[in-house]
Every structure is written in structure tokens, then in C-alpha cells.
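Trainee: structure for this input, please:
(chains A, B and C)
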Amino acid sequence: MKGIRKWMAAGLAVVMAGVMLTGASAVFADEANTDVSGEVRYAYWDNNQTPYIEKCIEEFNKVYPNVTITLEPNTWDEYWTKLEAAATGGSIADVFWMNGPNITKYANGGILMPIDDMIEEQGIDTANYPAGLVALYNIGGAQYALPKDFDTIGVWYNKAIFDEAGVEYPTDDWTWEDMAEKAAALTKDDGSVYGIGAGFDTQAGIYNTIFAAGGCVISEDKKSSGYDLPETMAGIQCWIDLQEAGVSPSEASLEETTSDTQFLSGRLAMYWGGSWFLGAVKTSDLMENIDVVELPSLNGKKATVIHGLGNCIYVDTKVPDAAKAWVSFLAGETANLISAETGAAIPALAGTAEAWVESTPEMNLKSFITSSEEYSYPYPASANTAEWNTYEADCLKKAFSLDVSVEDACTELAGKMNEVLAAE
Amino acid sequence: MNNKVKKKNTGHIIVYIVLLSGVLITLLPFLWMLLTSLKTQSESIRVPPVIFPAKPVFSNYLDVFRDVPFGRMYINTVISSIVTVAAQLLLCSMAAYAFAKLKFPGREVIFVTLLAVLMVPSSFFILPQYLIVQKLKLLNTIPALFLPNLFSAFGTFLLRQFFMSLPSDLEDAAALDGCNPFTTYWRIMLPLAKPGLVSLGILTLRFAWNDLMWPLIVNTSQEKMTLTAGLAYMQGQYHTNYPEMMAGAMMAILPLLILFAVFQKQFIEGIALTGIKG
Amino acid sequence: MKRKRISRRQRSHILYGYLMIAPLTAGLGIFYFYPFFKVFYDSFHVVGAFNKRSWAGLSNYAAMFRDPVMWSTLWNTVRYVIVIVPATLALSILVAAMLNTEIKGRSVFRVIYFIPAITMSTAISMIWRWIFNSDFGILNYVLSKFGIPTVQWLSDPRTAWITISIVAVWMNVGYEMIILLAGMQGISRTYYESASLDGAGKLQQFRLITLPLLTPTIFFVLITTLISTFQIFDVIYMMINSKSLAKEASQSIVLYFYRNAFEYSKKGYASAIAIFLFLIIMIITAFQMKMQNKWVNYDQ
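Mentor: The predicted structure follows:
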């Protein structure tokens, strides 16, 4: 899986993108398209990206003055519930965010419009996007979305807490043991500061260590669970060790007040979070104290999950032309650069990720690009991902709260997950 | 005699102590809500907790309006509440009068059947109701917020009890004067039923203002949401800003509190009536 | 002549009767009865994502009886009822009885106690969740001053349901108190006067006069809190998120229905749960109605 994004490193790609950029913006600037009109409802879940989207609309309307984009922001918790209800009722937004765990369900459910012809019409070259993410949104040979961004995981840390405790900042070549040591040194006895947030998390937590430990979440053929493998259990056990060492708030505490909130309140010295966290960091009063490093290596091996969101179009949308115009605009140069500049998310289009890194030069954002190029693994998913995701949380949280052993939790989970997979 | 007075006084003191501690338990959450709403984000999540903000931050209240269309949600909630109350008062009282005072075949059967609705939690109806509203092409509109709530079996039950307690002499007189049943209801009985209507109006207002599940599902666009759905949205945000959330909550509960402060007598009598008539 | 007049009045009763109940009946029919039959119908189907359905016979019901979560959910709900209903009743009778004396500031107390009843439960749950937060909440901080160790109010499966119950009772008491107080004030003074002459103390009067004569109101409050507690939803939904450790130990039947219908895309199964709860509530209400003759005193 290494080097999914090798193209990123290639200077050639950057140059090519630069050429494309000038060409594309020339087209956009010259002709305003007044033929396409209508109201496009756009549903998404991360409010941190609202400034980016609003800027995109501004630019988009210069080209398509007669298309109105109406925003439907949601919370993560309610997004999928509402999206499904709306899809059932036929009132789903015209364009909406999609992710890896849900794409198969929506594509097979006949909710999404294939965009192959749009890609052809607009002359979009899918090779300019991370291959793994393009493949993620290709179901049964049809393309349903282009990745709007990609994300990997890093360790965000609060320099002020490190300074106060006299602990050295982490470096990109650190190990899990380094992290555990630092976490212990940073933890205060009175519970006011903990070294790290070691709560249950999949994408920003155990998935990364499972891959680093040589395990897997789901088998290659997507027919069986990987949770009963000893390597997978080892990738979870290392987190439980942190819990047992008392260098993290308890699972219960992290559940009541999520680790990102605790981190931004100055209670956590280190926090495993995605590149998307930059948006929240930028609006926080702790901004100057925060930096980020690559994930530590586990037994000499590094791994991060890579994932990216896509923009999908509702199959029965009343404004297909306007929706397509909006989606291809979002996939284009201008929108990707806006995403980079606002820091909203790492843009997926070749060559624009650099601009994201440069948007905040005082931080080590390069680490996210390095990890995506050198040791990234695709987000594990099958047709009914959402269903076994529920079981993951139900079973593994008991291990994180130290109520049952990792082995028992994993065995139970593997059983339930295999049932779901067998029914697919 | 003296002893008795003393005993009475100790009794009173105990009663006061119990009542005052009850008052404390009732009001403290609201006080904490107010205090939190005036803190900065980092003040609100400090260990140990900060009781009083160093400097009250009123900007949290403005931030609510910046982050969600709170003004719009206010208007939506007000419109939806007013329409719901008005429609229930009219439709329920009309039907209740017919069930109480007019004789027509199937009256009892229809009435008892309608009451069966009371047995089923309203959330069970949500999905089919959602599909109906969708067929009517009303999703993401203001009418969607109140449509199913316009019809109330409970309201009909309550008002029927009320009409039944009114004497029939007036109606007989009205009938002799040539009034048809509708004009009798409209001109004579409805004014007499005012306490019952106030009571139902208060109950309905309380329900409509506070309803969460239906508005949450039926309208996805924030411009068409109610305050409750707006609060749920704020609570679900990734990085939760407690002071801002509490500022939103304060503003959401304020209108009913003010209304209650002004009309407390009607509120309390109205609620009390439901117990007596029910 | 006379007969004809009566029949004309009868005719107009029939005509206007139907006309006047028509709007309400039509509305209830469309928005409540049709959905009810739809739910009933769905309970015999597998209804997956995006309303894809196939006939399932009784398998949803069979699955329900085998589903351990369903049973724990049912037990949770019963537990809420067992705790919340008596606590609400006891506290609201206590407060009402105290406000039914000649103490000063009665109306002020009455107004304050009523405030929770008109506050949005969404907003109230938010503040309670924050108060109960184990790390940043004010409650644990205050308790720690008294040397009580940190309690995970909302995330510990053993305490979460108690926390929910406390909040629910807090929300209920003011409202029910008003109804009970009105009931108490409806009891004729003469009973108390003659009891006073017989030398009965306040407590005795309460036990021998107030309580027995209040039974119709108590019965009303009992039935309404019982039914509403069986349908408890908002508080849990707002205070305990769907990924919480305490999720299973705290979720009620209605919440489990909601999660199946909207989060797990199992609408057929959810419909079977709905029908099941409907039956339970019906049985309980019928049972209560029968039992009331044994203890409710209507001849005042």
C-alpha cells in the first residue's frame, strides 16, 4: 500500500498542475455561464469547513451567476441519520458529502448519480487524484464521486505543557515507547493535565496502530474480520497500556468530553487527530502553542489511515446541470486551492497539497504529506461498514474502560462482525 | 396554648427549610447555565471549575447568531407554535363540542377510536408522517414543522370533558332561537369554554415550543429549523463550545419564561384544570 | 308537530355533528391512523435502507424475543418507571401538601417550582449534562469538597440511568405538583374543621382526609406520568450519546426504536418494537383502570 500518493512527490506533477491551473482559471474568468441555473442544496457535516465552502460559492458564482448554493450543515452524529431519511423520502440534498464507510450502501441503494460522463465532459483526469481514493468511490465500475480532500493522522501536541514539564518536543522519528515516556512525564497527579488522550477511536486511533502492528481490520477479500488476529489485538493493547499507566483520562471521561475538546482546553499534552483538526486549531485561543508530528513507530513500523471525502450528486436531482457544475468546480483547481489556503482540509488535486502545508508555515504540516506518501493504508470498509462500526464501538469501549480484556473484546467483536460480513 | 404555637412554628420552619432547598435545586441549574454562558471557552472547561467568570463575556450570545441562523429559528418556532395552538384550539373545540353535545350515530365509537392515538408514543408515527409530508412536497418548509401537530386527540378529550360539564339549558334556548349547532357552538358555548381553551392552549404551546424529534427529522435546512433542533445541532458540534451552547439555551427558554412570568396565574390555573377535568 | 321538530333537530345534530368532527377526524386519520397501520404493516416486513422491503412474516417479532438488547432495554424502561413515577408522585405530593398550608410566600414558591415544567427539555438536558460532567462539572467539584470521590454520572453504566431518573423527576415535579395542589384545594374545608375539632393533628388530617380524597387526582397523575415515563426519550437522547459506554444500560424502548429505525436502518424491526410497546401501554392502562376501583375514591 506504500506510495499511493507517489505522484505527490514528483515535481513534474506540480508543474503540470500549475499549467492546468492557469488554463482552468483562464476559462473560468473569461466566460460566465448564464445557461445553467437553479438552486443546489449542499449538505455537509463539518462546520469548520464552512468558511472554505462560502469562499468556493463566491468564486463559483462568478462563473455561474444563476446558480444558488444553499448550505445544509449538520453535526456528524445526525448527518447520516438525516441523510438516509431524506434519501428515503426523496428530499435529499442535491449534492452532499460522502465517505468510505457509506459509499457502497448509497451507491447500491440507487441514491447516487454516476459521474463518469461528467468527468469526460469536463475533461477531468482522475489520475490527478490519489488513486486509492478514486477507487474508493468507484462502485461496480461506475464513479460516484471525486475526492475533495484527503486526510491522514498525526499527533498534535501542546508546546506550553511540554515546556512547563521540561519535556522535549516529539520528533517525526519517535517511537511508541518515546510517546509513552513523554506522556508519563507530562501527566500531573492532580488530574489537571494528562500526557495523552488514549480513548477509543478508530480512524484517529486503533486503525493506525493495528496496521503498524501488522494486523488488519477486515480481510483483503472483505469476507472476514481481522479482529481475532493476534497482531490486531497487539495494535489495540498498546492503547490499553496507556490507560492502565494512568497517563490518559479514563475512557468515560473522554466520552463525556471528547479528547479534541480536552486538548484544546489545555488538559491534554498530546492528541491523535486527523489533518482536518487544523481548522479547529486555527480558531482556538491555544493556536500559538500547538504543533503536530508524525505518528510514532510501533515496533519499528509506521502506519496511518488515509481517507478522503467525496462530493456526491443525488440521482434524481431536479438541477442536474447545476449540481454537476458545482461538483466539478469543487474538484477543480480553484476550489482545491481555497481548501488549501483556508486550511480546511488537504486538497486532493495533485499539486495543491503543498499550498495547504504552506498555509500555516509555523506548523509541521508536512508530516501529513509525508505519511500519506510513505506509509498510508486505506480506510477499512465493506458494504455494511456502518453496521459493524457500531459493534466496534460497543465491544472495544469495554476494553478501553478496562472492564474486559482486549482478547475477550476482540473475540466478541470478530464474531459479530463476521455475522455482518456473511450477510453482505 | 403556648406549646401549640411553638409546635406550629417549628413545623413552619421545617416546611420552609424543605421548600427553600427545593427552590435551590430548581433554580441552581438555571443559574449555572447563566454563569457558563458568560464565560470564555477555556474558563468553562477548567479544572477545578471556575464559578464566576473573571469578566462576563456577552459576545457568546452574539456568536450564537453568527454560527446558526438563530433569529430565523426563533421566528420559525414562534410561527409553528402559534399555528399549532390556534389550529388545535379551533379543530379540537369544534370536534369536542360535537362529541359532547350533539347526538349522531357512531359518536361514541368514533370518539373512543380517536382516543387510541393517546396510547401510542408520537415518535412511532414519525417515519410514515415523514413520508406523507414528503408526498405533499412540504419537506424543508415551515408548514412541515406543525402539520401533524395540528390534530390532537388529547385536546379533543380535554375539551369534551369541559363541554360536558356545561349545562345544556343555554343550547336548548339557542336552538329555540333558531341557532344551528355550529352557531350555538361558536357564539354561545365557545366563550363559556374559555378556561378549557386557555388550559389546552398552554399545554399545546408548551409542547410545540419544546418538541425536538419531529423538527429534527423533517427539516434539514437550518433556515427551516426550530430552536430545539438548533440546540441539538450546537450540542453535536465537533468541538463543543459550552458557553455558546448555554447562551443559546438561555435564549431558547427565555420567551416561555417571560410569558409565564406575565401570565403565571393563567398558566397555573390552566394546568390545574387538566387534572380536575381529566 | 312535536315529533317533527325533534327529528329536525336530530337531523341537524347528525349533519353538524359529522361536519364538525370531520376536519379533526380526517387529520388524525391521515397523520396518526394511517401511520399506525403502516407501522403495523411494516412490522411484518424487512425494511432496509431506503425503504426496500420484503415480506418477513413474524420474524421481526421472533427476533425481538431473542434479542438480548431488547430485553435489557425493556428492563431499563421498567426501571425508569419504577423509580421515576413513585419519586415524582411522592415529591409532588409533599411539595403540594406544604404549599397547601397558610405559609407565607406560597404563590412565589408555586411559580418557582413550576419553572422546569415550561422549560425546553432540550435546553435543560444540556445544562444537566454539563453539571454532571465528571471532570469539568460543578457537581463532582462540590462533592469533592466533601471528600466524595469522582462519580462518572453519565458514562458509568451503573449510574447513568440514575442520573437520567434524577433529571426526569426534576422536570416532572413542578407540573404534577400544580395538579395535585389544585386537587387538594378542591377538598372541602369542612372535613378539616370537623377533624380539627376531633383533635386530629396536621399529619393525621393529611393521612385520613387529604390522601383518600385526593385519590382521583393521584390516579390521574399516576396514569399520565406512567405513560409518559414509558415513552421517555428526549432526556436520554440529549444526555447520553449513541457511542457512550452507558448507552445500553440507559436506553429506553422508544430510544431503541428510534435507533433501529433511523440509525441502524432496520425499520421493520423498529416497527415490531413499536407495536410491542403499544401493547404494553395498553395492558397497563387497562390494568390501572380496573384496579382504580380498589383504591380511588370518587364519591366526594
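Trainee: pretty sure A:Asn99 sits against A:Trp276.
Mentor: No. Between A:Asn99 and A:Trp276 there is no contact under Cβ atoms under 8 Å: 11.7 Å. Bear in mind the C-beta positions are built from the backbone N, C-alpha and C, glycine included.
Trainee: all helices for the stretch 1-150 of chain A, in order.
Mentor: For the stretch 1-150 of chain A, applying DSSP state H, counting those that start in this stretch gives helices covering A:6-9, A:11-30, A:50-63, A:76-89, A:100-108, A:116-121, A:131-136.
Trainee: okay, now the unreliable bits of the chain?
Mentor: You didn't pick a chain, so chain A it is. A:1-31 (pLDDT under 70).
Trainee: my bad, chain C
Mentor: Of all residues in chain C, those with pLDDT under 70 make up the ranges C:1-6, C:298-300.
Trainee: can you check the stretch 101-250 of chain B too?
Mentor: If you take pLDDT under 70 as the line, the stretch 101-250 of chain B has these spans: B:237-240.
Trainee: how about the strands in it?
Mentor: Taking DSSP state E, counting those that start in this stretch, the stretch 101-250 of chain B contains no strands at all.
Trainee: excluding its backbone neighbours, what's nearest the residue in it that chain A sits nearest to?
Mentor: At 3.0 Å from chain A, B:Gly236 is the closest residue in the stretch 101-250 of chain B, using Cβ to the nearest Cβ. Spatial nearest neighbour of B:Gly236, chain neighbours left out: A:Thr75 (3.0 Å); criterion: Cβ to Cβ, 6 or more residues apart in numbering or on different chains.
Trainee: these two touch, right, that neighbour and B:Leu231?
Mentor: No. In this structure, A:Thr75 is not within contact of B:Leu231 by Cβ under 8 Å, at 11.3 Å.
Trainee: who's more crowded, the two?
Mentor: Between A:Thr75 and B:Leu231, counting by other Cβ atoms under 10 Å in any protein chain shown, B:Leu231 is the more crowded of the two (28 against 18).
Trainee: chain neighbours aside, what residue packs nearest to the more buried one?
Mentor: Nearest to B:Leu231 is C:Thr122, by Cβ to Cβ, 6+ apart, at 5.0 Å.
Trainee: is it true that that neighbour lies in a helix?
Mentor: Yes. C:Thr122 sits within a helix when classified using DSSP: H, G, I helix; E, B strand; the rest coil.
Trainee: ok, the closest residue to A:Cys56 other than its chain neighbours - contacts?
Mentor: Ranked by Cβ to Cβ, 6+ apart and with sequence neighbours excluded, the top spatial neighbour of A:Cys56 is A:Ala335, at 4.9 Å. A:Ala335 sits next to A:56, A:59-60, A:148, A:329, A:347 when contact means Cβ atoms under 8 Å, 6 or more residues apart in numbering or on different chains.
Trainee: sec struct for A:Ala335, please.
Mentor: Applying three-state DSSP: A:Ala335 is helix.
Trainee: quick one, what contacts the closest residue to chain C within the stretch 101-250 of chain A?
Mentor: Nearest to chain C, among the residues of the stretch 101-250 of chain A, is A:Gly109, at 4.4 Å (Cβ to the nearest Cβ). By Cβ under 8 Å, 6+ apart, the residues touching A:Gly109 are A:87, C:49-50, C:52.
Trainee: which bits of the stretch 251-400 of chain A sit near chain B?
Mentor: Counting by Cβ under 8 Å from any Cβ of the partner chain, the residues of the stretch 251-400 of chain A lying close to chain B are A:257-258, A:260-262, A:264-267, A:280, A:285-286.
Trainee: phi, psi of C:Pro186?
Mentor: You called it Pro, but residue C:186 is Gly. C:Gly186 adopts backbone torsions of phi -80, psi -10, taken as degrees, to the nearest 10.
Trainee: now A:Lys159: closest residue in space that isn't a chain neighbour?
Mentor: Using Cβ to Cβ, 6+ apart, the nearest residue to A:Lys159 is A:Asn289, at 4.9 Å.
Trainee: wait, a helix at B:Leu259?
Mentor: Yes. B:Leu259: assigned to a helix according to three-state DSSP.
Trainee: neighbours around it, how many?
Mentor: Using other Cβ under 10 Å, B:Leu259 has 16 other residues around it.
Trainee: verify the stated contact: B:Thr226 with B:Asp211.
Mentor: Yes. Between B:Thr226 and B:Asp211 there is a contact at 7.5 Å, judged by Cβ under 8 Å.
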